[in-house]
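# structure here, sequence nowhere to be found:
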């Protein structure tokens, strides 16, 4: 019986996560109610708690699911080809992911809610930025192992690359400024050139 029920359980879990992600991004943590998530997912409140335990765990799982959208870029980039082109593709995907209006709005809300409940901010960092950093660091460690780059500290290098690609654009977006695509493109290209100058070759 458990095997027959497993696909249904997975479908329910996916529906809950989709509903939760939409609600957290639209309304923030405080504005999201488990009852509403359950209703939109077509399950009972008890089912939500059975799958995730509490609201904080559901929040972390929803953020993790959202960040999984970037994971594919890191995997594809390991397949070979020009390292410069692969880094540019990763930088473009990273900036596009972070600069979406719903993501900017979400980060603003979570930052504001963290003042009242620091655990919300920590949960977001753990499930989102730190998770993406670990995935990109794993990619950089791979390039070190293959001899494409010389990266003694992949985690530090991952932070540096992200900071170079985001530049002032990340800050300006949070405060309502819009940047033309060509500025982001030049910033990412420049970031890759600096990164390669620092980490290319043994």
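Looks like it came in fine. Bear in mind that the values here come from a model prediction, so they are computed numbers and not experimental data.

# for the chain, give the helix that spans the most residues.
What stands out as the longest helix in the chain, according to DSSP state H, is helix 2-27.

# run the chain-centre distance for it.
Mean C-alpha position of helix 2-27 versus that of the full chain (CA atoms, centre = their mean, to the nearest Å) differs by 19 Å.

# beyond that helix, next helix or strand please.
helix 34-41 (DSSP states H and E).

# packing partners of that next one?
Under the contact definition 3 or more CB pairs under 8 Å, 6 or more residues apart in numbering; DSSP states H and E, helix 34-41 sits against helix 2-27, helix 45-52, helix 55-76. The way it works is simple: take the backbone N, C-alpha and C, and place the C-beta from them, glycine included.

# ok, the residue most central in space within the chain - contacts?
Closest residue to the average C-alpha location of the chain: residue 67 at 3.2 Å, with CA atoms, centre = their mean. Applying CB atoms under 8 Å, 6 or more residues apart in numbering to residue 67 gives the contacts 127-128, 131-132.

# re earlier: identify whichever of the helices and strands packed on helix 34-41 lies nearest to residue 186.
When the helices and strands packed on helix 34-41 are compared by CB to CB, helix 55-76 sits nearest residue 186, at 20.4 Å.

# tell me how far residue 124 lies from residue 132.
Counting by CB to CB, to the nearest Å, the gap from residue 124 to residue 132 is 12 Å.

# please report how far residue 32 lies from residue 155.
Distance from residue 32 to residue 155, by CB to CB: 31 Å.

# so which of those two has more stuff around it?
Higher neighbour count among residue 32 and residue 155: residue 32, with 22 against 16, using other CB atoms under 10 Å.

# wait, doesn't the more buried one sit right on residue 21?
No - taking contacts as CB atoms under 8 Å, residue 32 lies outside contact range of residue 21: 10.0 Å.

# what ranges of the chain fall below the confidence cut-off?
1-8, 72-80, 201-202 (pLDDT under 70).

# just how off-centre is the helix or strand containing residue 186 within its chain?
Per DSSP H and E, residue 186 falls inside helix 181-199. Chain-centre distance of helix 181-199: 20 Å, with CA atoms, centre = their mean.

# contact partners of that helix?
So helix 181-199 is in contact with 83-84, 87-88, 91-92, 95, 99, 149-151, 157, 160-161, 164-165, 167, 169, going by CB under 8 Å, 6+ apart.

# just stretch 159-172 next, same as before
Contacts for stretch 159-172 (CB under 8 Å, 6+ apart): 87, 91, 94-95, 98-99, 133, 136, 140, 179, 183-184, 187-188, 190-191, 194-195, 198.

# report the buried residues of that stretch.
For stretch 159-172, a neighbour-count test (16 or more other CB atoms under 10 Å) marks 160-162, 164-167, 169-170 as buried.

# picking up where we left off before, pull out the buried members of the contacts of residue 67.
Among those, the ones that count as buried (16+ other CB under 10 Å) are 127-128, 131-132.

# can you put the buried residues of stretch 159-172 in CSV and add secondary structure?
Below are those laid out as CSV (DSSP: H, G, I helix; E, B strand; the rest coil):
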residue, secondary structure
160, helix
161, helix
162, helix
164, helix
165, helix
166, helix
167, coil
169, helix
170, helix
